[in-house]
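>>> this one's structure only:
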């Protein structure tokens, strides 16, 4: 899978959508990582989410590329 900044990916286990912000390198090892955040605007354009401590709205996540493309996420 090619991971493209700006595209939306669905996390299969949680059912949540995430927007990829960047693909970057971990300085110490030069391992490729994906930087992404929760996408809260569904396809129909209407916000559909609740505010709770488990939603982590606004959090930026960083995951190794090999984990991101191992089947946990699919592009939508």
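On my side now, so go ahead. Note that the structure is predicted; figures quoted are calculated from it, not measured.

>>> Pull up the pairing partners for the longest strand belonging to the chain, direction included.
Of all segments of type strand in the chain, defined using DSSP state E, the longest is strand 17-25. Next to strand 17-25 in the sheet, as set by DSSP bridges, lie strand 8-11 (antiparallel), strand 32-38 (antiparallel).

>>> Can you add distance to residue 68 and mean pLDDT and give those strands back as TSV?
Every residue, glycine included, has its C-beta placed from N, CA and C. Formatted as TSV, these follow (distance: least, C-beta to C-beta, whole Å; pLDDT from 0 to 100):
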stretch	distance to residue 68	mean pLDDT
strand 8-11	8	95
strand 32-38	4	96
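
>>> Which one, of those, ends up nearest to residue 72?
Nearest to residue 72, of all the strands paired with strand 17-25, is strand 8-11, at 6.3 Å by C-beta to C-beta.

>>> centre of the chain versus that closest one, how much separation?
Remark: strand 8-11 is offset 6 Å from the chain centroid, using C-alpha atoms, centre = their mean, to the nearest Å.

>>> Quick one: residues in contact with it.
For strand 8-11, the surrounding residues in contact (C-beta atoms under 8 Å, 6 or more residues apart in numbering) are 3, 16-20, 36, 39, 68, 72-76.

>>> Which residue is the nearest non-sequential neighbour of residue 21?
Ranked by C-beta to C-beta, 6 or more residues apart in numbering and with sequence neighbours excluded, the top spatial neighbour of residue 21 is residue 35, at 4.7 Å.

>>> Next, format the strands paired with strand 17-25 as CSV and append mean neighbour count.
Listed next are the strands paired with strand 17-25 as CSV, based on neighbours: other C-beta atoms under 10 Å:
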stretch, mean neighbour count
strand 8-11, 18
strand 32-38, 18
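
>>> Thank you kindly, that will do.
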